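Trainee: Return a 3D structure for these sequence lines:
(chains A and B)
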Amino acid sequence: QVHLVQSGAEVKKPGASVKVSCKASGYMFSDYYMHWVRQAPGQGLEWMGMINPSGGRTNYAQKFQGRVTVTRDTSTTTVYLELNSLTSEDTAVYYCARGGLRGYSPIQHWGQGTLLSVSS
Amino acid sequence: QSALTQPRSVSGSPGQSVTISCTGNRNDIGTDNYVSWHQLHPGKAPKLIIFDITKRPSGVPDRFSGSKSGNTASLTISGLEAEDEADYYCCSYAGSYTLLFGGGTKLTVL
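Mentor: Numbering: from 1, shown residues only, chains lettered A, B, ... in the order given. All right, here's what the predicted structure looks like:
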């Protein structure tokens, strides 16, 4: 059974950085792409980026290029999302989501979400 | 990239059917069959209900079905139940290892 367990809520000041973790279990970690998706208050889902845990290759939405970094630790089957230069517009729930065997495969499982609040 | 276009809201009475559309372009929905639908209940993690246009994961009732015509994908929920009241999002592969979500549709069961 696939489990994605994310780190707890974060409160940050504008200009700071945040690193959110997602511990995966119940499947072969290196075989499946992992995505990060966020949902701001009152807004829709927004895809941020993905990582191929096998080789660590990443792809990001153009909107977040240069400000986001997704990494993984295969020894702990954990994926990380780091977001820099935070503003109030980054206040959102951040989800890790497991995709399939290919980059174009659909998201199949979701983490429980991590609430990030950015406020001075 | 702009979000895929979905109606903001739809509604139906128990037992009725509703259809939610998701419109993109030839670079995303129109290119292949990598469209999925996700259900969000407030305060809960999203849940995959349709993938590859028409396929249902194990455990998803067959009241949920998907289709596609050209650059528009659709989700149909038949025999509406109160528990179906939720937000629904389409998602498409958009090329170059990127995904694109729709703006979301709020389903109200009257």
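Trainee: Helices of chain B, residue ranges please.
Mentor: Along chain B, counting by DSSP state H, no stretch forms helices.
Trainee: which parts of it sit against chain A?
Mentor: Residues of chain B found near chain A (Cβ under 8 Å from any Cβ of the partner chain) are B:1, B:3, B:32, B:34-36, B:38, B:40, B:45-48, B:51-52, B:57, B:89, B:91, B:93, B:96-104. C-betas here are computed from N, CA, C, even on glycine.
Trainee: Any of the residues you listed buried? List them.
Mentor: The neighbour-count test (16 or more other Cβ atoms under 10 Å in any protein chain shown) applied to those identifies B:1, B:3, B:34-36, B:38, B:40, B:45-48, B:51-52, B:89, B:91, B:93, B:97-104 as buried.
Trainee: How about the contacts made by the closest residue to B:N33 other than its chain neighbours?
Mentor: Among residues not flanking B:N33 along the chain, B:I53 sits closest, at 4.8 Å (Cβ to Cβ, 6 or more residues apart in numbering or on different chains). For B:I53, the set of contacting residues under the criterion of Cβ atoms under 8 Å, 6 or more residues apart in numbering or on different chains consists of B:N33, B:V35, B:G66, B:S67, B:K68, B:A73.
Trainee: returning to what we had before: sitting in strands, which of the residues of chain B next to chain A do you find?
Mentor: Secondary-structure check on these using DSSP state E: residues within strands are B:V35, B:S36, B:H38, B:L40, B:K47, B:L48, B:Y89, B:C91, B:Y93, B:L99, B:L100, B:F101.
Trainee: Can you add pLDDT and give these back as JSON lines?
Mentor: Output for those, formatted as JSON lines (pLDDT from 0 to 100):
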{"residue": "B:V35", "pLDDT": "96"}
{"residue": "B:S36", "pLDDT": "97"}
{"residue": "B:H38", "pLDDT": "98"}
{"residue": "B:L40", "pLDDT": "97"}
{"residue": "B:K47", "pLDDT": "97"}
{"residue": "B:L48", "pLDDT": "97"}
{"residue": "B:Y89", "pLDDT": "98"}
{"residue": "B:C91", "pLDDT": "97"}
{"residue": "B:Y93", "pLDDT": "94"}
{"residue": "B:L99", "pLDDT": "95"}
{"residue": "B:L100", "pLDDT": "96"}
{"residue": "B:F101", "pLDDT": "97"}
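Trainee: quick one: the residue of chain B positioned farthest from its centre from A:G99, how far?
Mentor: For chain B, the largest distance from the centre (Cα atoms, centre = their mean) belongs to B:S96, which lies 22.2 Å off. In this structure, B:S96 lies at 15 Å from A:G99, with Cβ to Cβ, to the nearest Å as the measure.
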